[in-house]
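1. Give me a model of this one.
(one chain, ligands or ions: 1)
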Amino acid sequence: MRSIGIFGGTFDPPHSGHIDVARAAADNFGLSEIWWIPVGRQPLKPTPPQAFYSQRLAMVRMVCEADYRFVASGADAPRGDGQPNFTIDLLQTLRGENPGCSWWNIVGADSFLDLRRWKQPEQLLNFAQWIVVSRPGFDLSRINDLGLTSAQSSRVHLLTDIEEPISATDLRDALKRGEKPGAVPPPVLRYIEEHGLYR
Ligand code: ATP
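-> Numbering: from 1, shown residues only. All right, here's what the predicted structure looks like:
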């Protein structure tokens with residue numbers, strides 16, 4: 001059976017922290033593919049992305065050259081009706097289009113601790129296994145406050161040895177100051193420069 005990791009995010013821009021998270025998830029859980037899926041419109045983030053969706057997808061395509069298991073996917077493109085994209089809808093679509101696969105949703109601790117604000121959290125936990133990756137500044141023991149049943153908890157797998165103090169927000173700030181942060185892969189940095197992003 002194909003075991004597919006889903007790695008959704010804004011990727012504004014994608015960075016080496018994302019790459020390390022995706023690799024660790026694939027290595028630790030034997031995933032044959034990691035689908036990187038930029039989100040068209042994230043419902044929970046207070047501000048919209050700075051780069052266009054097409055630009056974020058183009059940068060994700062470049063990052064996916066880093067590992068043979070990585071696949072860039074346009075499955076969560078902006079909706080025609082202007083509404084936000086919900087993970088529950090994405091999972092439903094992917095499962096319908098690719099029967100017989102096992103699905104692993106990969107998220108950082110910050111995202112997972114927010115689970116109760118996601119659309120249909122109970123259903124989300126039924127639709128996939130979850131890989132929750134530690135992130136500096138976010139206390140994974142707070143998962144206990146989410147009130148998961150034991151069946152739900154059995155589908156949540158922690159990756160606690162990742163310590164990546166990198167965020168896209170900090171990288172955008174650095175780029176704005178004219179720096180060339182090492183956490184931005186060189187092809188992505190070239191793309192950012194060519195398209196005048198994050199100035
Ligand atoms: P921003 O700063 O713009 O919010 P971000 O990198 O936190 O950016 P996304 O691009 O949406 O946000 O991240 C995609 C996924 O990767 C999310 O699940 C996020 O939690 C996770 N992630 C991002 N950076 C890290 C990190 N340094 N350590 C662990 N997980 C991370």
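2. who in this structure is up against the ligand?
-> Counting by Cβ under 6 Å from any ligand atom, the chain comes close to the ligand at 9-12, 17-18, 21, 107-108, 110-111, 133, 135, 162, 164, 166-169. All C-beta spots, glycine's among them, are computed from the backbone N, C-alpha and C.
3. What subset of those residues is buried?
-> Buried members of the residues of the chain next to the ligand, scored by 16 or more other Cβ atoms under 10 Å, are 9-12, 17-18, 21, 107-108, 111, 133, 135, 162, 164, 166-168.
4. Keep only those of those residues that are in helices.
-> If you go by DSSP state H, those have 17-18, 21, 111, 168 in helices.
5. tell me which of these is nearest to G182?
-> Taking Cβ to Cβ as the measure, G182 lies nearest G17 of those, at 11.5 Å.
6. Surely that closest one and A183 touch.
-> Yes. If you go by Cβ atoms under 8 Å, G17 and A183 touch, sitting 6.5 Å apart.
7. Quick check: neighbours shared by the two?
-> I166 (Cβ atoms under 8 Å, 6 or more residues apart in numbering).
8. Please enumerate the helices of the protein.
-> Shown for the chain, the helices assigned by DSSP H span residues 16-29, 53-63, 87-97, 109-112, 121-127, 150-153, 168-176, 186-194.
9. Summarise which helices and strands the fourth one is packed against.
-> Packing contacts for helix 109-112, counted by 3 or more Cβ pairs under 8 Å, 6 or more residues apart in numbering; DSSP states H and E, involve strand 129-133.
10. what about this protein, any weak spots by pLDDT?
-> Under the criterion pLDDT under 70, no range of the chain is flagged.
11. got the contact list for the spatially closest residue to V132 that is not a sequence neighbour?
-> The shortest distance from V132 to any non-neighbouring residue, by Cβ to Cβ, 6 or more residues apart in numbering, is to F112 (4.5 Å). The contact partners of F112, by Cβ under 8 Å, 6+ apart, come to 130, 132, 143, 156.
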